[in-house]
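[1] please work out how this folds:
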Amino acid sequence: MTLPSPSDGDLRLHQLRKGQPATVTGVDESVVVTTLPAGELERRMIEMGLVEGSRVVILHEGFPGRDPIAIRVNEHTLALRRAEARAVRVAPLA
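    Presented below is the predicted three-dimensional model:
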């Protein structure tokens, strides 16, 4: 099964390079294949602090396959699967 690709121009959290800072611009679970009920993945992301305006950076990538990823969200660190990180829209910072 292939995952749908994000809209043109959208950058997603899973696409950032390790160490590249960004700001969260939104959460869109429609691009993620999940067994969770509609709205549940978005609710969980928000509970983890992935809300609009939050600063994020990828700290570590698992081996093999670069999955899961460890990210810093403001002052908190958490682990997230790359498939779920597709739901988080970001804008890279200079």
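[2] okay, which residue is most central for this structure?
    The chain has Ala85 as the residue nearest its centroid, 2.8 Å off, counting by Cα atoms, centre = their mean.
[3] I figured that residue hits Ile69, correct?
    Yes - the pair Ala85 and Ile69 passes the contact test of Cβ atoms under 8 Å, sitting 6.3 Å apart. Quick note: C-beta positions are derived from backbone N, CA and C, even for glycine.
[4] if I look at these two, which residues touch both of them?
    Residues touching both Ala85 and Ile69 (Cβ atoms under 8 Å, 6 or more residues apart in numbering) are His14.
[5] rewinding a little: check contacts around the residue nearest to the centre of the chain.
    By Cβ under 8 Å, 6+ apart, Ala85 lies in contact with Arg12, Leu13, His14, Ile69, Ile71.
[6] TSV for those residues, including neighbour count?
    Shown next, in TSV, are the contacts of Ala85 (neighbours: other Cβ atoms under 10 Å):
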residue	neighbour count
Arg12	20
Leu13	24
His14	20
Ile69	21
Ile71	23
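[7] out of those, which comes closest to Met48?
    Ile71 (9.3 Å; Cβ to Cβ).
[8] and the residue nearest to the centre of the chain, what's its pLDDT?
    pLDDT recorded at Ala85 is 92.
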